[in-house]
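Enquirer: turn this into a structure:
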Amino acid sequence: MKLKLGVIISFEHVENFDGMKELGFETCQISCWNPEIYTEENASVLREKAEKSGVQITAIWAGWPGPAVWNFFEGPLTLGLVPLEYRYVRAETLKKASGFAKTLNVQDVITHVGFIPENPDNFLYRSLIPVLCDIVGYLKNNNQFFNFETGQETPTTLFRTIHDIQEMGLNNVGINLDPANLVLYGKANPVDALDLLGKYVRGVHIKDGEYPTDGVNIGREKPVGEGRVNFSELIKKLKNFNYKGALTIEREISGPQQKTDILKAKKFLTPLL
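Expert: Residues are numbered from 1 along each chain as shown. Model prediction:
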């Protein structure tokens, strides 16, 4: 089965729907960081854009309010649902994202949960599981999946977290595999990580990068094919796990170079599909 290619689009740039099909993209994920976006009116705009373009929205990538510092020092204090002071408001934001996705008939909601502690006896970990269960249960009532974006936790920690949620009777939990994030945060070789996480993958970001070179900053993102991710082996292994979802290209820069790199990534990937 040939996998479909897509791109990640910020809601603020939904005009990028125009011409996507002509460029060879059949799917997309919508990235939303502002909870004020989650309205019926905006859902109607998205539906119209998607129907007109013939592009399928596969997931809502739901960000959250508050600070976000993408490094190894302030990251654990600011990112995702791990920091205690931001949990409630961010959990409520993810529930709003679920409602927005339901209006769009989108089944998957993705987010970064943050630097999940490796020690299962850590209070931050023990107190995080009930919060995740509450969110996952909410999505279950909407017939949706909650998908962890990989990167800030080891595959073993993520596997344990998913298992602990499933122990509460909640099976609507999966993974949006971002192979570059596993490299950028120095957590794992993404191909090897699939041995543990492959059966949970419901979405994939196509992004590349280098391992960290110091103890403060994450590694550097690079154009697809220029970093450490072995996409040939990754896609082959995904197929072995019977993955049938989209491959969503993500390039976290702005300006004309972003489109150039996305099209280069498409050309690079096409023979691997």
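Enquirer: now do the helices in the stretch 1-150 of the chain.
Expert: Using DSSP state H, counting those that start in this stretch, the helices of the stretch 1-150 of the chain run over residues 40-53, 75-78, 87-103, 123-141.
Enquirer: wait, which of those helices is closest to Leu269?
Expert: With distances scored as CB to CB, the stretch of these nearest to Leu269 is helix 40-53 (20.4 Å). For glycine as for every other residue, the C-beta is placed from the backbone atoms N, C-alpha and C.
Enquirer: buried stuff in the closest one?
Expert: Residues of helix 40-53 classed as buried: Asn42, Ala43, Leu46, Lys49, Ala50, Ser53 (neighbour count, 16 or more other CB atoms under 10 Å).
Enquirer: what do you get for stretch 141-159?
Expert: Within stretch 141-159, the residues that qualify as buried are 142, 144-155, 157-159, counting by 16+ other CB under 10 Å.
Enquirer: state the pair within those that is farthest apart.
Expert: Across these (CB to CB), the longest gap, 29.6 Å, separates Asn142 and Thr154.
Enquirer: what does stretch 210-229 rub up against?
Expert: Outside stretch 210-229, the residues within contact range by CB atoms under 8 Å, 6 or more residues apart in numbering are 70-73, 75, 179-180, 183-186, 190, 206-209, 231, 249, 251-253, 261, 264-265, 268-269.
Enquirer: repeat that for stretch 94-110.
Expert: By CB under 8 Å, 6+ apart, stretch 94-110 touches 29, 32, 35, 37-40, 42-43, 46-47, 50, 57-62, 64, 111, 135, 138-139, 142-149, 174, 176, 202-203.
Enquirer: now, which of the residues you listed lie within strands?
Expert: 29, 32, 57-62, 111, 145-149, 174, 176, 202-203 (DSSP state E).
Enquirer: count of neighbours near the closest residue to Asn71 other than its chain neighbours?
Expert: Residue nearest to Asn71 in three dimensions, not counting chain neighbours: Asn217, with 5.3 Å by CB to CB, 6 or more residues apart in numbering. If you count neighbours by other CB atoms under 10 Å, Asn217 ends up with 14.
Enquirer: let me see the backbone angles for Asn217.
Expert: phi -110, psi 140 (degrees, to the nearest 10).
Enquirer: how about Thr161?
Expert: According to degrees, to the nearest 10, Thr161 has phi -60, psi -50.
Enquirer: try the one 10 residues further on
Expert: The phi and psi torsions at Asn171 (degrees, to the nearest 10) take the values phi -100, psi 0.
Enquirer: quick one: it from Ser98, how far?
Expert: Separation of Asn171 from Ser98 (CB to CB, to the nearest Å): 16 Å.
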